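**Student:** Generate coordinates for the sequence data below:
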Amino acid sequence: MKIAIASDHRGYDLKSNIILRLQDKYELIDLGTNSNESTDYPIYAFKLGEFIRDKKADFGIAICGTGIGISIACNKVKNIRCAKVSSINDAYYAHLHNNANILAFGEDTSLELALKMIETYINTPFSEEEKHHRRVEEIDNYKWD
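**Tutor:** Okay, the predicted model is just below:
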């Protein structure tokens with residue numbers, strides 16, 4: 001499985017630790033940032049969103065101070081369904097019901113919780129229920145004015 005991961009400066013430490021813990025299990029693609037020096041999260045959100053949109057990885061992980069800003073920015077990229085998750089339950093339903101293709105966390109997420117949410121997401125298939133497929137299709141087909 002190929003996982004792309006990106007963060008701003010506030011998410012850099014958590015991103016680095018996730019990579020260290022998962023690099024022997026998955027192919028991880030680090031899209032930056034590469035330090036704790038202040039930077040703007042939209043740069044990395046758009047880079048990650050486009051990477052996932054173009055199917056260069058199976059899913060993505062986005063990290064910023066709260067996880068909110070980077071998730072909003074990721075969702076500006078067409079066909080991205082980024083879910084800001086804070087619990088294992090969130091990660092489970094993000095995949096089961098919403099077929100999210102990016103998970104977003106805040107920097108204060110513990111490494112252990114982040115790893116559990118990632119594993120839960122990976123081990124949860126997208127629902128086979130038609131209503132969930134229909135809803136995701138409605139989101140993907142929305143036309144901006």
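
**Student:** Chain neighbours aside, what residue packs nearest to Tyr44?
**Tutor:** Of all residues not flanking Tyr44 in the chain, Ala6 sits nearest, at 4.0 Å (CB to CB, 6 or more residues apart in numbering). C-beta coordinates here come from the backbone N, C-alpha and C atoms, glycine included.

**Student:** for Thr66, same thing?
**Tutor:** Thr66 sits nearest to Gly106 (CB to CB, 6+ apart), 4.4 Å away.

**Student:** count of residues packed around that neighbour?
**Tutor:** By other CB atoms under 10 Å, 21 other residues sit near Gly106.

**Student:** got it, and the one 5 residues further on?
**Tutor:** By other CB under 10 Å, the residues close to Leu111 number 13.

**Student:** and the gap between it and Ser16?
**Tutor:** The spacing between Leu111 and Ser16, counted by CB to CB, to the nearest Å, is 10 Å.

**Student:** Summarise which helices and strands the helix or strand hosting Leu115 is packed against.
**Tutor:** Using DSSP states H and E, the element containing Leu115 is helix 111-123. Counting contacts by 3 or more CB pairs under 8 Å, 6 or more residues apart in numbering; DSSP states H and E, helix 111-123 is packed against helix 12-22, helix 88-96, strand 102-106.

**Student:** can you pull the buried residues of stretch 47-62?
**Tutor:** Within stretch 47-62, the residues that qualify as buried are 47-49, 51-53, 57, 59-62, counting by 16 or more other CB atoms under 10 Å.

**Student:** out of these, which are inside helices?
**Tutor:** 47-49, 51-53 (DSSP state H).

**Student:** got these as JSON lines, with distance to Ile122 and pLDDT columns?
**Tutor:** Shown next, in JSON lines, are those (distance: CB to CB, whole Å; pLDDT from 0 to 100):
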{"residue": "Lys47", "distance to Ile122": "22", "pLDDT": "98"}
{"residue": "Leu48", "distance to Ile122": "17", "pLDDT": "98"}
{"residue": "Gly49", "distance to Ile122": "19", "pLDDT": "98"}
{"residue": "Phe51", "distance to Ile122": "18", "pLDDT": "98"}
{"residue": "Ile52", "distance to Ile122": "15", "pLDDT": "98"}
{"residue": "Arg53", "distance to Ile122": "20", "pLDDT": "98"}
